[in-house]
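Student: Sequence isn't available, so here's the structure alone:
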């Protein structure tokens, strides 16, 4: 078997050298766990993260007023919450002031009262433990 060299491939283009970057997909990378089992990296990476979108209750917020929506959910088994990665208030005039996984503080910047029932928050969870 040949020697593995960690070096850049440089090709002379006539005036200087172009650096060639090789790419490898996760399916091509072999992973051996501590128990000796071998699989490709893509198989090991699948399931490391979960994304959950939770819908909050309907809320009516008066003109220029603030409101709070709380979200009830639990982390999927074997996963730990890492944070909020997205949210939707249902109306352009409902501006989130603070967004956390179980709560969203909103302010109505409109001159009219707004009722919305489509407020959602999207939460990222990471699998607890190691790849092995």
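Tutor: In hand now; what should we look at? For clarity, every value in this text was computed on a predicted model and none was experimentally measured.
Student: Excluding sequence neighbours, find me the nearest residue to residue 25.
Tutor: Using C-beta to C-beta, 6 or more residues apart in numbering and skipping the chain neighbours, the partner closest in space to residue 25 is residue 42 (7.5 Å). For every residue, glycine as well, the C-beta is placed using N, CA and C.
Student: pLDDT wise, what is that neighbour at?
Tutor: Residue-level confidence at residue 42 comes out at 80, pLDDT.
Student: Could you confirm it falls within a helix?
Tutor: Yes. Counting by DSSP: H, G, I helix; E, B strand; the rest coil, residue 42 falls inside a helix.
Student: Any idea how many residues pack against it?
Tutor: Residue 42 has 13 neighbouring residues, counting by other C-beta atoms under 10 Å.
Student: correct me, but it touches residue 27?
Tutor: Yes. Taking contacts as C-beta atoms under 8 Å, residue 42 lies within contact range of residue 27: 4.7 Å.
Student: The host helix or strand of residue 51 - what's its average pLDDT?
Tutor: Under the criterion of DSSP states H and E, residue 51 resides in strand 49-55. Mean pLDDT, computed over strand 49-55, is 92.
Student: What strands flank it, and is each parallel or antiparallel?
Tutor: Using DSSP bridges, the strands paired with strand 49-55 are strand 120-127 (antiparallel).
Student: gap between the two ends of stretch 28-35?
Tutor: By C-alpha to C-alpha, to the nearest Å, the extent of stretch 28-35 from end to end equals 21 Å.
Student: In it, which residues are buried?
Tutor: Neighbour counts over stretch 28-35 (16 or more other C-beta atoms under 10 Å) mark residue 31 as buried.
Student: how near is the residue lying closest to residue 80 once chain neighbours are set aside to residue 106?
Tutor: Among residues not flanking residue 80 along the chain, residue 128 sits closest, at 5.1 Å (C-beta to C-beta, 6+ apart). To residue 106, residue 128 is 32 Å away according to C-beta to C-beta, to the nearest Å.
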